[in-house]
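Asker: what's the 3D shape of this:
(one chain, ligands or ions: 1)
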Amino acid sequence: MQIDIITALPGLIEGFFAHSIVKRAREGGKVSVNIIDLRDYGIGKSRQIDDYAFGGGAGMVMMIEPLVNCIEDLKSKADYDEIIYMTPDGDVFDQRTANKLSLSGNIMIICGHYKGIDERVREKYITKEISIGDYVLSGGEIPAAVITDAIIRLIPGAMNDETSALTDSFQDSLLAPPVYTRPAEYKGLKVPEILLSGNFKKIEDWRTEKAIERTKERRPDLWKKTL
Ligand code: SAH
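Answerer: Next comes the predicted model:
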């Protein structure tokens, strides 16, 4: 799988992909993540990528030409299952979308800036518009990093324990149960007895019970969906 991220600020996310699970997945050849600098496709000597909005108003708009040149260049070298634009008016990202995207082939992700990108790019090229929540950030880089991380950790072999991603919150519409590690007692604070019992059936039941309890308490909206 190849994930190509188009951005005007490559330095903002390059470091993000150099650590932990994402780094391991990249090194293990499970996925390649490429950060593409939109400025390389900018216009003229100043490598312009944005301009004033038609009709007036505050804020710059990312121009159609550099974006189209960049997208076309990438498309000439690879086939893409999805061309995603990160935008607050897109579909709100969730685990189901992450699962689906982790099964796809190559994807291209476009990060906006300023007031966003020229609408004609959205109409002509974008196959999926994703928001990471109902708030506005100043650029699409962090949103792109968020969805890329969520996707990559689902790729088989990306995590040490492949089953681990399946037991996270949201995979079964339940939040995850509490977890503990050594020592079994710390200054009088004890780990629940059952987890030390070695009885895996009972432990599994306890975890399910706690997951249900937590979901009902913290996310009644999710719990209603499970019923
Ligand atoms: N004027 C736009 C916001 C632009 S914010 C509007 O009101 O909808 C600048 C860029 O940041 C966007 O183009 C987008 O790529 C990114 N961005 C900001 N908030 C986001 C969010 N919640 N989810 C995904 N991308 C977001």
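Asker: Nearest to the ligand: which residue in the protein?
Answerer: Gly112 (2.0 Å; CB to the nearest ligand atom). Glycine gets a C-beta too; all of them are placed from N, C-alpha and C.
Asker: so who does that residue touch?
Answerer: Met62, Tyr85, Met86, Thr87, Gly139, Gly140 (CB atoms under 8 Å, 6 or more residues apart in numbering).
Asker: Taking the centroid of the protein, which residue is nearest it?
Answerer: Among the residues of the chain, the one closest to the centroid is Ile147, at 0.8 Å (CA atoms, centre = their mean).
Asker: Name the helix or strand of the chain that has the lowest mean pLDDT.
Answerer: Ranked by mean pLDDT, DSSP states H and E, the weakest helix or strand in the chain is helix 20-27, scoring a mean of 86.
Asker: Can you list the strands that the helix or strand following that one pairs with?
Answerer: Sequence order places strand 32-37 as the next helix or strand after helix 20-27, per DSSP states H and E. Strands adjacent to strand 32-37 in the sheet, as given by DSSP bridges, are strand 2-7 (parallel).
Asker: Is there any residue in the partner strand that contacts the ligand?
Answerer: No: under the criterion of CB under 6 Å from any ligand atom, the ligand is not reached by strand 2-7; the shortest gap measures 9.5 Å.
Asker: buried residues in the helix or strand that that strand is followed by?
Answerer: Next helix or strand after strand 2-7 toward the C-terminus (DSSP H and E): helix 11-14. Buried residues in helix 11-14, counted by 16 or more other CB atoms under 10 Å: Leu12, Ile13.
Asker: what's helix 11-14 packed up against?
Answerer: helix 141-152 (3 or more CB pairs under 8 Å, 6 or more residues apart in numbering; DSSP states H and E).
Asker: pLDDT on the helix it packs on, on average?
Answerer: Here helix 141-152 scores 97 as its mean pLDDT.
Asker: Now it - C-alpha only, CSV.
Answerer: Extracted in CSV, the C-alpha atoms of helix 141-152 (Å, rounded to 0.1, in the frame of the first residue of the first chain):
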residue,chain,number,x,y,z
GLU,A,141,-1.6,18.0,7.8
ILE,A,142,-2.6,16.9,11.3
PRO,A,143,-5.9,15.5,10.0
ALA,A,144,-3.9,13.6,7.3
ALA,A,145,-1.5,12.3,9.9
VAL,A,146,-4.5,11.2,12.1
ILE,A,147,-6.1,9.1,9.4
THR,A,148,-2.8,7.7,8.1
ASP,A,149,-1.9,6.5,11.6
ALA,A,150,-5.4,4.9,12.1
ILE,A,151,-5.1,3.2,8.7
ILE,A,152,-1.5,1.9,9.0
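Asker: what's the next secondary structure element after it?
Answerer: With DSSP H and E, the next secondary element past helix 141-152 is strand 185-186.
Asker: Just give me how far that following strand sits from the chain centre.
Answerer: Centroid displacement of strand 185-186 relative to its chain, using CA atoms, centre = their mean, to the nearest Å, is 36 Å.
Asker: Mind listing residues that contact that strand?
Answerer: So strand 185-186 is contacted by Val191 (CB under 8 Å, 6+ apart).
Asker: contacting residues for Thr163?
Answerer: No contacts exist for Thr163 under CB under 8 Å, 6+ apart.
Asker: Let me know the distance separating it from Trp223.
Answerer: Distance, Thr163 to Trp223, by CB to CB, to the nearest Å: 24 Å.
Asker: go on, Phe93?
Answerer: 21 Å.
Asker: Can you tell me the closest non-neighbouring residue to the residue nearest to the centre of the chain?
Answerer: Of all residues not flanking Ile147 in the chain, Phe93 sits nearest, at 5.8 Å (CB to CB, 6 or more residues apart in numbering).
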